[in-house]
Structures are given as structure tokens and as C-alpha cells.
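> Please find the sequence and the predicted model below.
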Amino acid sequence: MSDQPSRAQQLLGDLAPKLVQLTDDVLFGDVWKREGLSPRDRSLITVAVLAATYRPGQLDSHLKLALQNGLSKAELVEALTHVAFYAGWPSGMGALVQLKGIVEDAVEAADGAAK
């Protein structure tokens, strides 16, 4: 385990330590590590559910994780387009706007690092 505090610890460690422990130990320490689905597939499912239920606060970090877990920008665009038809246009469009911002930020960071 990392010496760095988890994102959950940073956000809620003082307020809700038990929820943070469950998030770190059960959700990310067990559920995300189960056999049967790859991290890439779990990311695709999670992004679709978060977009469909309009959870932009959680979606941001999971879009980034999805890219790290091997989903391409094109695959995420296609998945979120699909979500728009089944969960509503605002949900799909909102998620695509978030993805666009994440991709643009990554390009800017890469350009800045190259200079």
C-alpha cells in the first residue's frame, strides 16, 4: 500500500473515517481486484453507470482512471454516446464535456512537459 493518502482519505478522512476505510479496503482493495472482469472492463462499467446516474463528482476521477486502465478516448466517446440514448441526452452530453476537459488538460500537461 502507498504511503500517500488515498483520494478518499484526502476528501473525507477526518469526517468519515469508516467510510474511507471501507472505500479503500473493500471497494478498491477487494471489489476492483476480483477476478472475472479486468480493470479496463470495470472502468467501462463504472463510467457508464456514473454517467447514466449523473454523478459528475465521481465521474471525473473514473474517466481519468478509465484512460489509465487502457480505454481509449474513442472508446469512451462511443460508450458515452451510447449512454446518452439509454440514460438521457443531458447525462451523455455532460459526461462528454467532462471527458473533453480531461483530454484537453492531459494534452496541455504533455505540451508543458515537452517544453
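That came through, no problem. Numbering: from 1, shown residues only.

> For the rest of this, base every contact and every neighbour count on C-alpha atoms.
Will do.

> Please pull up the helix or strand immediately following the lowest-mean-pLDDT helix or strand in the chain.
Least confident helix or strand, the chain: helix 7-12 with a mean of 90, by mean pLDDT, DSSP states H and E. Once helix 7-12 ends, the next helix or strand along the chain (criterion: DSSP states H and E) is helix 17-22.

> Could I get the buried residue list for that following helix?
20-21 (16 or more other C-alpha atoms under 10 Å).

> helices or strands up against the helix or strand following that helix?
Using DSSP H and E, the next helix or strand after helix 17-22 towards the C-terminus is helix 39-52. Judged by 3 or more C-alpha pairs under 8 Å, 6 or more residues apart in numbering; DSSP states H and E, the packing partners of helix 39-52 are helix 56-68, helix 73-87, helix 89-114.

> Can you tell me what sits against the shortest one?
This points to helix 56-68. 40, 43-44, 46-47, 50-51, 73, 94-95, 98-99, 102 (C-alpha atoms under 8 Å, 6 or more residues apart in numbering).
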